[in-house]
Structures are given as structure tokens and as C-alpha cells.
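Chemist: Just need the structure, nothing else, for what follows:
(chains A and B)
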Amino acid sequence: DVVLTQPPVAQPVTLGDQASISCRSSQSLVQSNGNTYLEWYLQKPGQSPQLLIYKVSKRFSGVPDRFIGSGSGSDFTLKISRVEPEDLGVYYCFQGTHDPYTFGAGTKLELK
Amino acid sequence: EVQILETGGGLVKPGGSLRLSCATSGFNFNDYFMNWVRQAPGKGLEWVAQIRNKNYNYATYYAESLEGRVTISRDDSKSSVYLQVNNLRAEDTAIYFCTRSRIPDYWGQGVMVTVSS
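Modeler: Take a look at the predicted model:
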């Protein structure tokens, strides 16, 4: 199975600062059709996960432009510029390229 | 508005079985792949299964940790997807989420399954 590694487990941040969360895959996530199915989700306490970024860098409907996804191959990053209170929670990366699909273990974005 | 509602959870004894249901509305169900994702208490997300649509012959895919014990199915006439889980174990205790699309974009609120004697 593809393993997605998300260090660190928790990332302290100051409101208004930029945050960067990484996700590294044990193998390339480029599919034969050229698509890279690497997605980012945010799960706030007591809520279902919400899709933020799909196919590495495309923002889902309604997601603020302060969320920026980047990367290629097996190395990906989610940047959040100017962190706001509603951005706090656990961020998961997910790969839908290789069956079985897998999630990273999550990075908790918390206040410093 | 996309709506996804899971039902069928509850307390089950080890070795028992459960069938979860997911009713949807607000989109053309026939066009979409559907997934189940679960989350054990205090833990991360685990993708469980996917069923594709008619265009892909309703192909199914499963997490290796559950393969052989789970079956995903769908009824396009009811815009619903199902998850049958057999031989339940304590480690299957989790919230089970139903999600839409190959890239899970919309999620239900989840349904709790507790496996305990």
C-alpha cells in the first residue's frame, strides 16, 4: 500500500502567520493518465472532514485562496497564508491514485 | 444541495455483522463513484471501500485490512450505497462516513459502529 507521511503530528501556529504542512508518499502519485490524485482535507473537532484541495493544487468550491497546494511526484505541501481561527484542526492528505487508497496520519494545526 | 445520510450503526457483538446504508440527494447519483471511510475513536481517517458507477461496471475496491469481510454495493434507483461488514472485530469500532466521488468531496455526518461484547 502507498504510505503517506505527514510530519509533524502537531504544528503550533500564530494567527495571521503562514503555515506549511507536508505530505510525502512512498511512491509517485502520478497516474498513467497524467493525473495526480493527491488531496487535502481539514477536519475540525466534532465535524466531518472537508475537502480543501484536489489534484495537488485545485481549490474545492468555496475554499479561500489562502489555501495553496503544491508539489509533484511524491512530495506535496499545503500552505495556509494568514492562518485564521477557523483553519485550526487536523489536516489529512489522501491519495486516490493507487488502489487501495490511503490517508496520511494527519497534522494538527494548533495555536502556539 | 448535496445531502448524504448514513444509517445502520449501533452496538454489535464481536463476530456479528452489520449493514450500513447511505442515502443521498441533490446530485445525479448515477454519475458518481461512492466511498466509505472510517475513523476509529481519537484516530485518523481510513479509506474502506469504493464502488464505481455503471460506466465502470460498478467496479469495487477495498482496503486490504478489511478485504474479505466487507462488501460495498449500490442501488442507483434509490440513490443509495451500502456497506456490509461481517465478522466484526473490536478494531472495527469507528465512525463510518459515506463520501461522494472518486475524490471524496462531500461527506455525510457519519454513523457510529461499536463492536463490543
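
Chemist: The residue nearest to the spatial centre of chain A pairs with what?
Modeler: Nearest to the mean C-alpha position of chain A, by Cα atoms, centre = their mean, lies residue A:40 at 3.3 Å. As for beta bridges, residue A:40 partners with residue A:53, residue A:93 under DSSP bridges.

Chemist: State the distance from it to residue B:31.
Modeler: 24 Å (Cβ to Cβ, to the nearest Å). C-betas here are computed from N, CA, C, even on glycine.

Chemist: Can you confirm whether stretch A:103-112 lies near chain B?
Modeler: Yes: applying Cβ under 8 Å from any Cβ of the partner chain, one finds stretch A:103-112 touching chain B at A:103, A:104, A:105, A:106.

Chemist: residue contacts, residue B:79?
Modeler: B:23, B:24, B:25, B:29 (Cβ atoms under 8 Å, 6 or more residues apart in numbering or on different chains).

Chemist: Any chance of a PyMOL selection covering the buried ones in the residues you listed?
Modeler: In PyMOL syntax, the buried subset of the contacts of residue B:79 is picked out as below (16 or more other Cβ atoms under 10 Å in any protein chain shown):
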select buried, chain B and resi 23+24+29
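
Chemist: Show me which of the contacts of residue B:79 is closest to chain A.
Modeler: Using Cβ to the nearest Cβ, residue B:24 comes nearest to chain A of these, at 14.2 Å.

Chemist: who does the helix or strand bottoming out on mean pLDDT in chain A touch, helix- and strand-wise?
Modeler: None of the helices or strands of chain A scores lower by mean pLDDT, DSSP states H and E than strand A:10-13, at a mean of 94. Helices and strands touching strand A:10-13, by 3 or more Cβ pairs under 8 Å, 6 or more residues apart in numbering or on different chains; DSSP states H and E, are strand A:19-25, strand A:107-111.

Chemist: Give me the sheet partners of the shortest one and which way each runs.
Modeler: Which is strand A:107-111. By DSSP bridges, strand A:107-111 pairs with strand A:10-13 (parallel), strand A:89-95 (antiparallel).

Chemist: Of all the ones you listed, which one comes closest to residue B:2?
Modeler: strand A:89-95 (18.8 Å; Cβ to Cβ).

Chemist: Name the residues that touch that closest one?
Modeler: Contacts for strand A:89-95 (Cβ under 8 Å, 6+ apart): A:2, A:4, A:6, A:21, A:23, A:25, A:29, A:37-45, A:47, A:49, A:52, A:76, A:78, A:101-109, B:44-45, B:47, B:104.

Chemist: Over to stretch A:52-63?
Modeler: A:35-42, A:51, A:65, A:67-72, A:76, A:78, A:91, B:103, B:105.

Chemist: can you pull the contacts of residue 45?
Modeler: Here I'm looking at chain A. So residue A:45 contacts residue A:89 (Cβ under 8 Å, 6+ apart).

Chemist: try again with chain B
Modeler: Counted by Cβ under 8 Å, 6+ apart, residue B:45 has contacts A:41, A:43, A:49, A:92, A:94, A:103, A:106, B:37, B:38, B:39.
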